[in-house]
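Participant: sequence below, structure please.
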Amino acid sequence: MFEAVFTILLSEQILGTPIYVEFSYHNQSNVPVWFSIGNGSADSYRFRADHGVEQLDPYYEFGGLAEITEVPPGRRGSKEILLNRYLHFLKPGPHTITSEIDLEITDAATNKGRLYRIRSQLPLNLIDNESRRREILASLTTDLTSQDSARQLRAIDALAELRSEEILTALELGLKSGTGAVVERAVVGLGNVGTSQARTILISFSESTAADPFRRLVQQELARLGAQ
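Facilitator: Residues are numbered from 1 along each chain as shown. Here you go, the predicted model:
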């Protein structure tokens, strides 16, 4: 009836850059089906690695409504997942990524849900290549100044999860964006980096901006870091 799998399109990637996993699915039945991917660890994506990672907690157990995905009969679809949101890779070398999700799939014929437990083991080899990493990060920084809002948001979403001082200049550039969502992700990204320099940038931004929602977000990030 329903088939789904996780894949990493590039099994060899650069340490300290965005890593994406694709969650692809196929409705093999002759009726529409639908599902939702939630915000908590029980109803969203879960990833683990065998070694050399910091396990992150991106879940919002009491978050907002989850988007419903409807899949017509015989159709396929996919969703892109930023793996860095779940795992912070600390060391180069080979890794095995365990990918999981438990989905309740409802079909239009019975209007009843059926639980599907989807599990994949994904090989990933991370290379510590400084020059290539700089190229990738420079490309993401360029996207922040693009006229294409989708490119801006994709870039800042990735940068905000890299947790490295190498991206401080890019995140500071994001604070100057005219798009509120980009600014918000840049603030969160600086909180994720969490160094003294990142805190200084956050404080300077808070003191210079007239936008109260951004000030409140900065204070939340500083509080998360234990700053006064």
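Participant: what about Glu22, which helix or strand?
Facilitator: Using DSSP states H and E, Glu22 sits in strand 20-27.
Participant: er, Lys176 I mean
Facilitator: Using DSSP H and E, Lys176 falls outside every helix and strand.
Participant: now swap in the one 10 residues further on and tell me
Facilitator: When elements are assigned from DSSP H and E, Ala186 belongs to helix 180-193.
Participant: who does that helix touch, helix- and strand-wise?
Facilitator: If contacts are counted by 3 or more C-beta pairs under 8 Å, 6 or more residues apart in numbering; DSSP states H and E, helix 180-193 sits against helix 149-159, helix 168-174, helix 196-208, helix 212-224. For the C-beta atoms, the positions are set from N, CA and C on the backbone; glycine is no exception.
Participant: any chance of those in JSON lines, plus mean neighbour count, mean pLDDT and distance to Asn111?
Facilitator: Formatted as JSON lines, the helices and strands packed on helix 180-193 follow (neighbours: other C-beta atoms under 10 Å; pLDDT from 0 to 100; distance: least, C-beta to C-beta, whole Å):
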{"stretch": "helix 149-159", "mean neighbour count": "20", "mean pLDDT": "96", "distance to Asn111": "35"}
{"stretch": "helix 168-174", "mean neighbour count": "20", "mean pLDDT": "96", "distance to Asn111": "44"}
{"stretch": "helix 196-208", "mean neighbour count": "16", "mean pLDDT": "94", "distance to Asn111": "49"}
{"stretch": "helix 212-224", "mean neighbour count": "15", "mean pLDDT": "92", "distance to Asn111": "41"}
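Participant: and these: which comes nearest Tyr59?
Facilitator: helix 212-224 (15.3 Å; C-beta to C-beta).
Participant: contact partners of the closest one?
Facilitator: 180, 183-184, 187-188, 190-191, 199, 202-203, 205-206, 209, 228 (C-beta atoms under 8 Å, 6 or more residues apart in numbering).
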